[in-house]
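**Student:** Sequence and computational prediction follow.
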Amino acid sequence: MTVTHNPGFPRIGAQRELKRALEAYWKGDTDREALEQVGRTLRARHWAAQADAGLDLIPVGDFSWYDQVLDMSCLLGVVPPRFHHPGGNVDLDTRFRMARGRAPSGEAVAACEMTKWFDTNYHYLVPEFQSEQAFSLSSSQLFDQVAEAMALGYRVKPVITGPLSYLWLGKCKGGVFDKLELLDKLLPVYGEILQTLKEQGVEWVQIDEPILVLELPQDWKVAFESVYSRWSGNGVKRLLATYFGGLGDNLGLACRLPVEGLHIDTVRAPEQLAGVLDQLPPYKILSVGCVDGRNIWRTDLDRVLQTLGPVHERLGERLWLAPSCSLLHVPVDLETETGLPANIKNWLAFAKQKLDEITVLGRALDKGRDAVAGELTQSRAAIAARRGSTDIHREAVRKRLKAVDDTQTSRNRPYQERAPLQRSRLNLPLFPTTTIGSFPQTADIRATRRDYRRGRIDAAGYQARMKAEIADTVRRQEALGLDVLVHGEPERNDMVEYFGEQLDGFAFTDNGWVQSYGSRCVKPPIIYGDIERPAPMTVDWIRFAQSCTDRPMKGMLTGPVTMLNWSFVRDDQPRAETCAQIALALRDEVLDLEKAGIPIIQIDEAALREGLPLRKSEWDGYLGWAVNAFRLCASGVADKTQIHTHMCYSAFNDIIEAIAAMDADVITIETSRSDMELLDVFEDFAYPNEIGPGVYDIHSPNVPDVDDIVLLMEKAAQRIPPERLWINPDCGLKTRAWPEVEAALENMLAAATLLRKRVELKRKSG
């Protein structure tokens, strides 16, 4: 019989139960036992859902309190020295201090660096390796959860990050050395992990090695052969899991590694199936990822069965079926959605529905299509209804897109000629200070938005309440002394959702939550059709904010590439075309903000990098249309209007030329967690425009020291002339509370004052 399984399940809960439990624990409103009970409840619920769907193997180890890579670091004893871990079991609060810099117990300390998980919007905690790194089995969490699932009667498949992917994802600290040198010390601990799982009665373990879809250096390819030849399964069968792309030139390597099974992603890379079948040894299981774990559209079951039929005849019981990757990246359950239009809801599948699709495919292969005739009929009708829907296409949008030419993607003059005009208009000091856009979203703000959404207050009452918040935010910024102000975004629920709600072609869920990092969850919009802006989206709010102050006010928009990459995108046309449609809609908003007298417009492209193809050979195509989309929405303004963009947790040293090609007057970036490492690129690349390196980490509740900010900015000034440097936090302040925000900004402004004095003294001294 065809084995069905799942690489991983969402951990947050359908109603974000884990988020609420974590935040209550961090605030001290609940204790550890209450938190642990929420975890046990969620795990049991999720295991039951997968078993009820009919899966043969249930994943364990996909549940995490914060991040699965952090869990692997704790399991292997990789705790950076600054956390003063005494050895032995890594306790829960140490995990949280590594993740966010603070926990209910222990000293506050700089958190570990966080960055994007391959080309997704999930963030992982970057492992930190020392040249003399030691490894030891230092957490029982995985084994405890295996025992927990087995006690409930499930046939489990533990999931761990493979040794080479784990090393690849980490960074060397305290000196330059080759991470591969750590393998000899690392492998014995991986052996202990499998031995412990064997003693628990585990038959299969999933070893995630997603870096096999990358263009690997030759020494890493050699290391794969060496590691998997030396590292036996100790009696446990190993399913080597790859996802997010095709194996490419690593296909032969992956097929011949001495493991018992191989999982491939045939959603992102359907073309690799034939090559894998040709090279797969006759003893090896092939797990085909045939349902999209990254997007929310129904699977065309007829099309998949047409592909899998010959594979099933060839492999028989050696064929396994699964989603393409962990379902961490999609919402939990479509059945909780009551507000979606019925036709659109019928086109979708969330995590639970994707499990049903997998088991339907398995039954169809084993028992014939007649055994699942009803399910196939429903699938066929939904696919046909979507394909023929009149809600998808807008002729006016398509005509406008065809008419776009090069004049609409370039500013009138180069930056060197625009900059003097902008400086004359804005009259800002050296090291101008600003923030990224959002200010704390208090419980009162969220309650007001909720009351308005539910009809408890009318539009006039809502607008009055939001304007009061904006006026207060402006007053606080003026009192602090910031040079360029923002309106604080109290009316916005999410930086993508807010705009998508006002654009045609987008749909929204009530409970379509997806984990971004830790307790941070987002509800990605669904782009189902052509995109158009019916009316201005931000102009009235920003115009009001500007009326509250004589200081420059920034208009705040989310850029087209970020809106694309942070949405569930239609799969019936190229992503580049969808992105250009968004860019045209935003171009209209940019021009309306300019007409309203707003001197600075920030177009955030936080997700530019995460859309990069995983193979560098494919980068140029993506960067070409992504940069063009940004320029399309930004280039219609006059030279005196200053365009900003923001990028967070987007290591872009290797795409700096594309960043420069965006031609934003000012770019603000995250650099605090990486200690300004991102600025190293400017030693070799003369970045032509202005830049604001984020000087403190807003994802940690720790308040930055003045001296630390000064030190970071002085590092930046070694690479960028002070005349082109701004000072700002590394991201928006939405998730923080006012007391810590004001304390942090006071220190940031004190640092700016000190830096200005130092530059002035240096100039006077010659």
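**Tutor:** In hand now; what should we look at?
**Student:** in which helix or strand would I find the closest residue to Val189 other than its chain neighbours?
**Tutor:** Nearest non-adjacent residue to Val189, counting by Cβ to Cβ, 6 or more residues apart in numbering: Phe135, 4.6 Å away. For every residue, glycine as well, the C-beta is placed using N, CA and C. Assigned by DSSP states H and E, Phe135 belongs to neither a helix nor a strand.
**Student:** Count residues in the vicinity of Phe135, would you?
**Tutor:** Neighbourhood size, Phe135 [other Cβ atoms under 10 Å]: 19.
**Student:** Let me know the pLDDT of it.
**Tutor:** On pLDDT, Phe135 comes in at 97.
**Student:** show me what contacts it?
**Tutor:** Phe135 makes contact with 76-78, 182, 185-186, 188-189, according to Cβ atoms under 8 Å, 6 or more residues apart in numbering.
**Student:** between these, which is nearest Arg456?
**Tutor:** Nearest to Arg456 among the contacts of Phe135 is Val78, at 49.9 Å by Cβ to Cβ.
**Student:** Give me the three-state assignment for the closest one.
**Tutor:** At Val78 the chain is in coil, as set by DSSP: H, G, I helix; E, B strand; the rest coil.
**Student:** just checking, it touches Phe129?
**Tutor:** Yes - at 7.0 Å, Val78 counts as touching Phe129 under the criterion of Cβ atoms under 8 Å.
**Student:** Look at these two and report which has more neighbours.
**Tutor:** When neighbours are counted by other Cβ under 10 Å, Val78 and Phe129 differ, and Val78 comes out ahead with 26 against 23.
**Student:** Asp405: neighbouring residues, count only.
**Tutor:** Close neighbours of Asp405, defined as other Cβ under 10 Å, add up to 6.
**Student:** Likewise for Ser140?
**Tutor:** Ser140 has 13 neighbours, counted by other Cβ under 10 Å.
**Student:** Roughly how far does it sit from Gln68?
**Tutor:** Using Cβ to Cβ, to the nearest Å, Ser140 is found at 16 Å from Gln68.
**Student:** now Arg587
**Tutor:** 40 Å.
**Student:** Ok, Gly500 next?
**Tutor:** Distance, Gly500 to Gln68, by Cβ to Cβ: 29 Å.
**Student:** circling back: buried subset of the contacts of Phe135, written for ChimeraX?
**Tutor:** Filtering these down to the buried ones (16 or more other Cβ atoms under 10 Å) takes a single ChimeraX command:
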select :76,77,78,182,186,189
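**Student:** Including distance to Ala381, could the contacts of Phe135 go into TSV?
**Tutor:** What follows is those, written out as TSV (distance: Cβ to Cβ, whole Å):
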residue	distance to Ala381
Leu76	49
Gly77	54
Val78	51
Leu182	54
Lys185	57
Leu186	51
Pro188	55
Val189	52
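**Student:** what's the most distant pair in the contacts of Phe135?
**Tutor:** Using Cβ to Cβ, these span at most 14.4 Å, a distance reached by Val78 and Pro188.
**Student:** if I pick the residue nearest the centre of the chain, what's in contact with it?
**Tutor:** Nearest to the geometric centre of the chain sits Asn121, at 1.7 Å (Cα atoms, centre = their mean). Listed by Cβ under 8 Å, 6+ apart, the contact set of Asn121 reads 329, 514, 516, 522, 524, 565-566, 607, 610.
**Student:** Specify the local secondary structure of it.
**Tutor:** Classified using three-state DSSP, Asn121 is coil.
**Student:** Same question for the one 3 residues further on.
**Tutor:** Put simply, Tyr124 is strand when judged by three-state DSSP.
**Student:** Across the sheet, point out what pairs with it.
**Tutor:** Using DSSP bridges, the bridge partners assigned to Tyr124 are Thr115.
**Student:** Wait, it touches Leu169, no?
**Tutor:** Yes - in this structure, Tyr124 is within contact of Leu169 by Cβ under 8 Å, at 6.9 Å.
**Student:** Which one of the contacts of Phe135 is nearest to Leu22?
**Tutor:** Distances from Leu22 to the contacts of Phe135, taken by Cβ to Cβ, are shortest for Val78, at 22.2 Å.
**Student:** Now do the same for that closest one: its pLDDT.
**Tutor:** pLDDT recorded at Val78 is 98.
**Student:** That one - nearest residue in space that isn't next to it in sequence?
**Tutor:** Pro127 (5.3 Å).
**Student:** and what of Leu485?
**Tutor:** In space, and not counting its chain neighbours, Leu485 is closest to Gln477: 4.7 Å by Cβ to Cβ, 6+ apart.
**Student:** next SSE after the helix or strand hosting the one you found?
**Tutor:** For Gln477, the host element (DSSP H and E) is helix 459-480. Next along the chain after helix 459-480, taking DSSP H and E as the criterion, comes helix 497-500.
**Student:** so the residue nearest to Pro341 when sequence neighbours are not counted bridges to which residues?
**Tutor:** Counting by Cβ to Cβ, 6+ apart, Pro341 lies nearest to Ala507, which is 6.9 Å off, once chain neighbours are set aside. Counting by DSSP bridges, Ala507 is bridged to Ile526.
**Student:** Isn't Ala507 up against Ile526?
**Tutor:** Yes - between Ala507 and Ile526 a contact is recorded at 4.4 Å, counting by Cβ under 8 Å.
**Student:** if you count what's nearby, which of the two comes out ahead?
**Tutor:** It is Ile526, of Ala507 and Ile526, that has more neighbours when counted by other Cβ under 10 Å, with 25 against 22.
**Student:** can you tell me how far the more buried one sits from Gly692?
**Tutor:** As defined by Cβ to Cβ, Ile526 lies at a distance of 33 Å from Gly692.
**Student:** swap in Arg449?
**Tutor:** 29 Å.
**Student:** repeat for Leu280
**Tutor:** 51 Å.
**Student:** hmm, back to that, intersection of neighbour lists for Ala507 and Ile526?
**Tutor:** Residues touching both Ala507 and Ile526 (Cβ under 8 Å, 6+ apart) are Ile344.
**Student:** Isn't Val486 up against Met556?
**Tutor:** Yes - applying Cβ under 8 Å, one finds Val486 in contact with Met556, separated by 6.2 Å.
**Student:** Now list whatever residues contact both of the two.
**Tutor:** Counting by Cβ under 8 Å, 6+ apart, the common neighbours of Val486 and Met556 are Gly437.
**Student:** Looking at these two, which one has more neighbours?
**Tutor:** Legend: neighbour count by other Cβ under 10 Å for Val486 and Met556, higher for Met556 (29 against 26).
**Student:** ok, what's across the strand from that one?
**Tutor:** Gln602.
**Student:** returning to that earlier point: so for Leu280 and Gly692, which residue has more residues nearby?
**Tutor:** Regarding Leu280 and Gly692, a neighbour count based on other Cβ under 10 Å identifies Gly692 as having more, with 27 against 21.
**Student:** Could you look up the SS state of that one?
**Tutor:** Using three-state DSSP, the secondary structure recorded for Gly692 is strand.
**Student:** Please report the distance of it from Asp483.
**Tutor:** According to Cβ to Cβ, Gly692 and Asp483 sit 11 Å apart.
**Student:** Overlap of the contact sets of those two?
**Tutor:** Residues touching both Gly692 and Asp483 (Cβ under 8 Å, 6+ apart) are Thr434.
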